[in-house]
Every structure is written in C-alpha cells, then in structure tokens.
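>>> Fold the following, please.
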Amino acid sequence: QVQLVESGGGLVQAGGSLRLSCAASGRTFGNYAMGWFRQAPGNEREFVAAITWSGGTSYAGSVKGRFTISRDNAKNTVYLQMDNLKPADTAIYYCAGRRSAFSSNREREYDYWGQGTQVTVSS
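Numbers count the residues shown, from 1 in each chain. Next up, the predicted model:
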C-alpha cells in the first residue's frame, strides 16, 4: 500500500509561483509513474502533468511551458513547480501514483491518490 500526502498549496496572485510536493510512503516509489491532477469547483478532475519512473514527463496543453513536474526517488517525493499562475489554475490539486513504469493522463489508470491541496490564484 502506498500513501500520498500533498503540501505546498495556498493563495497567490496571478503571475506568481507555487511548488507543490507529494510525499509517498513505501519502498517501491521509484518503480511507479506519478501524476498531478486538479479539480476546480463544478468541473471534473483533469490531468495536469505526469512523470515516468525514469523521469520522462508529459503535460496538459493548458499548463505546458508554465508547470514543471519532477521527482526525487531518494526522498520518495514528486514535485509540481507552477510558474506564471493564472486564476484559471485555481483548483484542488491531487497527486496520484500508478503501479507502472509508464505514465498516463487517464485518471482511472492511477492506483493511489492523495487527499489534495488547495491552490487559489487571485487576479
């Protein structure tokens, strides 16, 4: 069993930056692909970014060039650096883990989920 705990959310002005962290328990973290998803009020949860076990990355078009996903397997942690934030980025951000070396942008293909952290971007 893997537990995921997100941190780093908060309130920021448009154009600002935040870095989210997701700490994972378990000795097999390095074998998992990891992803970030978000859910805004009234919307379905959507894909943001993902990273394979070896560091390959993928992004949603709406965040590409502004967000960066990375991982530190020695610390069992995955990060989401968010720059040039926009009010449309306001959402609860969820970390997810997949029992596979390969990442996915499909919510249903992830096996473990964190509790979420709120990100609010003011205009």
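>>> going forward, measure contacts and count neighbours with C-alpha atoms only.
Noted.
>>> Bridged to the residue nearest the centre of the chain, which residues?
Central residue of the chain (C-alpha atoms, centre = their mean): Trp36, 2.4 Å from the mean position. Partner residues in beta bridges with Trp36, using DSSP bridges, are Ala49, Cys95.
>>> where do the helices sit along the protein?
Shown for the chain, no helices are assigned by DSSP state H.
>>> residue boundaries of the strands in it?
4-7, 10-13, 18-24, 33-39, 46-51, 57-59, 67-72, 77-82, 91-98, 112-113, 117-122 (DSSP state E).
>>> Would you mind saying which of these lies nearest Arg106?
Between Arg106 and the strands of the chain, the tightest spacing by C-alpha to C-alpha is seen for strand 46-51, at 7.1 Å.
>>> which residues sit against the closest one?
Defining contact as C-alpha atoms under 8 Å, 6 or more residues apart in numbering, one finds that strand 46-51 is touched by 33-39, 57-60, 63, 68-71, 102-107.
>>> just how off-centre is that strand within its chain?
6 Å (C-alpha atoms, centre = their mean, to the nearest Å).
>>> Stretch 66-78 too?
Mean-position distance between stretch 66-78 and its chain equals 9 Å (C-alpha atoms, centre = their mean).
>>> any chance of the strands of the chain in a markdown table, with mean pLDDT too?
Converted to a markdown table, the strands of the chain look like this (pLDDT from 0 to 100):
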| stretch | mean pLDDT |
| --- | --- |
| strand 4-7 | 96 |
| strand 10-13 | 98 |
| strand 18-24 | 97 |
| strand 33-39 | 97 |
| strand 46-51 | 98 |
| strand 57-59 | 98 |
| strand 67-72 | 97 |
| strand 77-82 | 97 |
| strand 91-98 | 97 |
| strand 112-113 | 95 |
| strand 117-122 | 98 |
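>>> That'll do, ta.
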